[in-house]
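[1] next input, structure requested:
(2 chains)
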Amino acid sequence: MPMLQGIDLTCIRGDRKLFSDVNFLLESGGLMQVQGPNGSGKTSLLRMLCGLASPAQGEIRWDGTRIRALGGDYFGAMTYLGHLGGVKDDLTAIENLRISSALGGIDLDERKAHDALQHMGLGGRELLPAKVLSQGQRRRVTLARLLVCGTVLWILDEPLTALDINAVKLVQGLIERHLEHGGMIVMTTHQEIEIAGAAIQRLQLA
Amino acid sequence: MFLWIIRRDLLLAARRRSDVLTTLFFFIIVVSLFPLGVGPEMNMLRVMAPGVVWVAALLASMLSLGRMFSSDYLDGTLEQMLLSPQSLPLLVLGKALAHWLVTGVPLVLMAPVLGIQYDLTNDALLVLTASLLLGTPVLSLIGAIGAALTLGLRGGGVLVSLLVLPLYIPVLIFGAGAVEASTAGLGAGAHMSLLGAFLLASLVLAPWTTAVSLRISLE
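    Numbers count the residues shown, from 1 in each chain, chains lettered A, B, ... in the order given. Below is the predicted model of the structure:
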């Protein structure tokens, strides 16, 4: 059973201590919602969890092994969607999705990419360059990766920003389905989300 | 994956032709201004030619270094590259190769045409082109390290030149030296071998160094 564990995590930015002694254990089928006011270190925590930053103290373990030691094996089991969507202005929606999937190690053919975008409500806009899409539509292109990534752990930083009501429902559906299938999610959001039948842990940063 | 990244960067370059053309025109203009400024003294021009062409190629390649990672950094694609299960040095190698195809190869192709302005002999033109062919990939590979280290810094452009130019100097000396040696009848073999050695060394070392620099820059 995969599990993600944070032990005594401390984050220091400049000479300010953002948080210290953060402990958690996330198991298969679990959702952890990281909460806290602006500037409390939510994004910093998520960047640590995905391995982009390293904690000042403490360690993060995946299946009992430190993620630094796992390297590529951990990256292959995890998908991180940050504030910046990784959507290129000059590429079309479909090219963006195919390339970001290729970076995640999945060779996505044109038809599957098309279906994923269709599911995210971008049908008919697959061939437009991303620069003419609205903020919410770009977000949908980013989120379409969740449909095709096939990873166990999702780390989502404010996934619901700029989305309309229908898209929020769509994302909630994705999250529910992922948890039902034994996936794990760490996310931050300022919106209240209702996830049916899932064990939601809340991690409050001061 | 390696091919994906090259294809993607070439596609982006094709959609944004002005960036590519800026570098090429810069090279053409700098190289063409010297004969106009110096005047029609064939002997002097022949001596100057390799140095001028190489310096122009150096500056042109540096002009485009800033763009190598910065757009990926700003839109978050670079984060995804760092989190890719694929090997990061390999991705970096792909990006450096794409950078060379977009900025280096046009310079190599233009060099023989521009060399005519300096009254270079056919042999010298051939050696000049060959030395650029071996040398410009080194510029892209070493430049990638500088671009990665200065990512997201204000005034990064100036810093890149300070970091990278000293490392470019050996390539400049042996690149320009190859043409001079061949004109003097000494044969360009030794210089070419050294350029080839630089290329191999930077092919092996630069992607790793760049990968480490990127991880540091994004932390």
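
[2] a strand runs through residue A:175, doesn't it?
    No: with the criterion set as DSSP: H, G, I helix; E, B strand; the rest coil, the secondary structure at residue A:175 is helix rather than a strand.

[3] what is the neighbour count of it?
    21 (other Cβ atoms under 10 Å in any protein chain shown). The C-beta positions use only the backbone N, C-alpha and C, and glycine is treated the same way.

[4] low pLDDT regions in chain B?
    Counting by pLDDT under 70, chain B contains no low-confidence range.

[5] give me the longest helix you can find in chain B.
    Of all segments of type helix in chain B, defined using DSSP state H, the longest is helix B:189-218.

[6] quickly check: it near chain A or not.
    Yes: where contact is defined by Cβ under 8 Å from any Cβ of the partner chain, part of helix B:189-218 touches chain A, namely residue B:218.

[7] and the closest residue to chain A within chain B, how many neighbours?
    Nearest to chain A in chain B, going by Cβ to the nearest Cβ, is residue B:76, at a distance of 2.6 Å. Other residues near residue B:76 number 20, with proximity taken as other Cβ under 10 Å.

[8] pretty sure it contacts residue A:80?
    No: with contact defined as Cβ atoms under 8 Å, residue B:76 does not reach residue A:80; the gap is 9.9 Å.

[9] what do these two both touch?
    Both residue B:76 and residue A:80 lack any common contacting residue under the criterion Cβ atoms under 8 Å, 6 or more residues apart in numbering or on different chains.

[10] and the residue of chain A nearest chain B?
    The shortest separation between chain A and chain B is 2.6 Å, found at residue A:84 (distances taken as Cβ to the nearest Cβ).

[11] what residues are up against that residue?
    Counting by Cβ under 8 Å, 6+ apart, residue A:84 makes contact with B:74-76, B:79.

[12] out of those residues, which are inside helices?
    Using DSSP H, the members of the contacts of residue A:84 that fall in helices are B:74-75, B:79.

[13] identify the residue nearest the geometric centre of chain A.
    Computing the C-alpha centroid of chain A and ranking residues by Cα atoms, centre = their mean puts residue A:156 first, at 2.5 Å.

[14] may I ask you to confirm that it belongs to a strand?
    Yes: with three-state DSSP as the criterion, residue A:156 is part of a strand.

[15] neighbours around the residue nearest to it when sequence neighbours are not counted, how many?
    Closest residue to residue A:156 in three dimensions, ignoring its sequence neighbours and counting by Cβ to Cβ, 6 or more residues apart in numbering or on different chains: residue A:187, at 4.1 Å. For residue A:187, the number of neighbouring residues by other Cβ under 10 Å comes to 21.

[16] give me the buried entries from the contacts of residue A:84.
    B:75-76, B:79 (16 or more other Cβ atoms under 10 Å in any protein chain shown).

[17] quick one on the thing from earlier: hang on, the residue nearest to residue A:156 packs against residue A:42?
    No: using Cβ under 8 Å, residue A:187 makes no contact with residue A:42, being 9.6 Å away.

[18] okay, and the common contacts of those two?
    When Cβ under 8 Å, 6+ apart defines a contact, the residues bordering residue A:187 and residue A:42 alike are A:34, A:157.

[19] in the lowest-mean-pLDDT helix or strand in chain A, what counts as buried?
    The helix or strand of chain A with the lowest confidence, counting by mean pLDDT, DSSP states H and E, is strand A:199-204 at a mean of 84. Residues residue A:203 are the ones in strand A:199-204 that count as buried (16+ other Cβ under 10 Å).

[20] for stretch B:184-196, buried residues please.
    B:188, B:191-192, B:194-195.

[21] please export the C-alpha coordinates of it as CSV.
    Written as CSV, here are the backbone C-alpha positions of stretch B:184-196 (Å, rounded to 0.1, in the frame of the first residue of the first chain):
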residue,chain,number,x,y,z
ALA,B,184,49.5,29.9,-42.8
GLY,B,185,49.9,26.5,-44.3
LEU,B,186,50.2,24.7,-40.9
GLY,B,187,47.1,22.7,-41.2
ALA,B,188,44.0,23.0,-39.0
GLY,B,189,44.1,19.5,-37.7
ALA,B,190,45.4,20.2,-34.2
HIS,B,191,42.9,23.1,-33.6
MET,B,192,40.0,21.0,-34.9
SER,B,193,41.0,18.1,-32.7
LEU,B,194,40.9,20.4,-29.7
LEU,B,195,37.5,21.8,-30.7
GLY,B,196,36.3,18.3,-31.0
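
[22] if we can go back for a sec, partners of the residue nearest to the centre of chain A in the sheet?
    Each beta-bridge partner of residue A:156 is listed here: residue A:81, residue A:187, as defined by DSSP bridges.

[23] show the pLDDT at it.
    The predicted structure scores residue A:156 at 91 on the pLDDT scale.

[24] just the helices in chain A please.
    If DSSP H is used as the criterion, the helices of chain A fall at A:42-50, A:67-70, A:72-75, A:93-103, A:110-119, A:135-149, A:165-180.

[25] give me every residue in chain B lying close to chain A.
    By the criterion of Cβ under 8 Å from any Cβ, the positions of chain B lying close to chain A are B:1, B:4, B:8, B:11-12, B:15-16, B:71, B:74-77, B:79-87, B:91, B:218-219.

[26] filter those to the buried ones?
    Buried members of the residues of chain B next to chain A, counted by 16+ other Cβ under 10 Å: B:1, B:4, B:8, B:11-12, B:71, B:75-77, B:79-87, B:91, B:218.

[27] helices - which of the residues you listed land there?
    Of the positions in those, B:4, B:8, B:11-12, B:71, B:75, B:77, B:79-82, B:91, B:218 sit in helices, assigned by DSSP H.

[28] pretty sure residue A:82 contacts residue A:145?
    No: Residue A:82 sits out of contact with residue A:145 when judged by Cβ under 8 Å, with a separation of 11.9 Å.

[29] so those two - more neighbours on which side?
    Comparing residue A:82 with residue A:145 by other Cβ under 10 Å, the one with more neighbours is residue A:145, at 25 against 21.

[30] can you pull the contacts of the more buried one?
    Residue A:145 makes contact with A:79, A:81, A:97, A:100-101, A:104, according to Cβ under 8 Å, 6+ apart.

[31] and what of residue A:60?
    Taking Cβ under 8 Å, 6+ apart as the definition of contact, the neighbours of residue A:60 are A:4-7, A:9, A:48-49, A:51, A:66-67.

[32] just the endpoints, please. Distance across stretch A:40-57?
    Between the opening and closing residues of stretch A:40-57 there is a gap of 17 Å (Cα to Cα, to the nearest Å).

[33] and what of stretch A:21-36?
    Taking Cα to Cα, the first and last residues of stretch A:21-36 lie 15 Å apart.
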